[in-house]
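# Return a 3D structure for these sequence lines:
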Amino acid sequence: MAYGVSILGFLLAVCLALVHVFASRSRWLASIPHRWWISLAGGISIAYIFLDVFPELSKAQAEVEHNGGLLVDYLENHAYLLALAGLAIFYGLEKLAVRSRRHNQKMAGDNSTQPGIFWVHIFSFSIYNAVLGYLFRESADHGLLACLLLFIALALHFIVNDVGLREHHKQIYDRLGRWILAAAIFFGWAVGEVVHFNAAAVAAIWALVAGGIILNVMKEELPENQESHFGLFLTGAVIYSAILLVA
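Residues are numbered from 1 along each chain as shown. This is a model prediction of the structure:
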């Protein structure tokens, strides 16, 4: 990888971390209706998963099978099963947070999660962010364009995540959570500087993350009471799809 691309990749990783710290507090973002930019960001994130990550998973299927060992004999479509597992894990985390908020609201009149649930959520998303930081570092090895395309998708995806996490955890997320998640991105990037997994391992990691991204985006878009903007969701998906197809 070229030295210039490495430096730019690091600077983009810094920007990804800053999304968690400052994005929701930006005045320009606050001036845009909440559901507009969430819908646009969601469309872009989903387009990236379906047009870039899933095709890579299809190619990686043979690689994982070749290096998978005995377990692969029982998991014919294991890359996609890992994606399903990622979706299920984050669905479980979401349900855990929702139930905690309901319990807290009923018992104490506080519409936020209990401290223990906050730490479970933040720990899980810290691992998630660290993995994405590692994968972002890996993408830099594939050139500047791949790095930039992933940066755009992840930056907007982190904004979507930030909204959901702040809604669940309120003040403690502002005080602690966002800083921990920002640090996790740097940790993942640093791991990527010194450790390089083989293609099968990277494919498995991408599969788990893909399921998580789909769940984290769609949970903000699907519920009717969220009043999501389908037109902007579709616009984001179509425009970013076009970019990926010609890149």
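# Now do the helices in the chain.
Using DSSP state H, the helices of the chain run over 3-22, 27-30, 34-48, 54-67, 78-108, 115-140, 144-169, 171-172, 178-194, 199-221, 230-246.
# what's the most buried one of those?
Most buried of these, by mean neighbour count (mean count of other Cβ atoms under 10 Å): helix 34-48, with a mean of 23. No exception for glycine: its C-beta is placed from N, CA and C like everyone else's.
# and it, what does it pack onto?
The helices and strands touching helix 34-48, judged by 3 or more Cβ pairs under 8 Å, 6 or more residues apart in numbering; DSSP states H and E, are helix 144-169, helix 199-221, helix 230-246.
# Nearest to residue 137, out of the ones you listed?
The closest of the helices and strands packed on helix 34-48 to residue 137 is helix 144-169. By Cβ to Cβ, the value is 9.2 Å.
# for the helices and strands packed on helix 34-48, which one sits closest to residue 189?
Closest to residue 189 of the helices and strands packed on helix 34-48 is helix 144-169 (Cβ to Cβ; 11.8 Å).
# quick check, distance from that closest one to the centre of its chain.
Computed by Cα atoms, centre = their mean, to the nearest Å, the chain-centroid distance of helix 144-169 equals 6 Å.
# which helices and strands does it pack with?
Contacts defined by 3+ Cβ pairs under 8 Å, 6+ apart place helix 144-169 against helix 3-22, helix 34-48, helix 78-108, helix 115-140, helix 178-194, helix 199-221, helix 230-246.
# List of residues touching the shortest one?
Contacts made with helix 34-48 from outside it, assessed by Cβ atoms under 8 Å, 6 or more residues apart in numbering, are listed as 29, 149-150, 152-153, 156-157, 159-160, 163, 213-214, 217-218, 220-221, 226-241, 244.
# And the lowest mean pLDDT element among the helices and strands of the protein?
helix 27-30 (a mean of 57; mean pLDDT, DSSP states H and E).
# thinking again about what came up before, and the helices of the chain, which one is worst for confidence?
For the helices of the chain, the stretch scoring lowest in mean pLDDT is helix 27-30; its value is a mean of 57.
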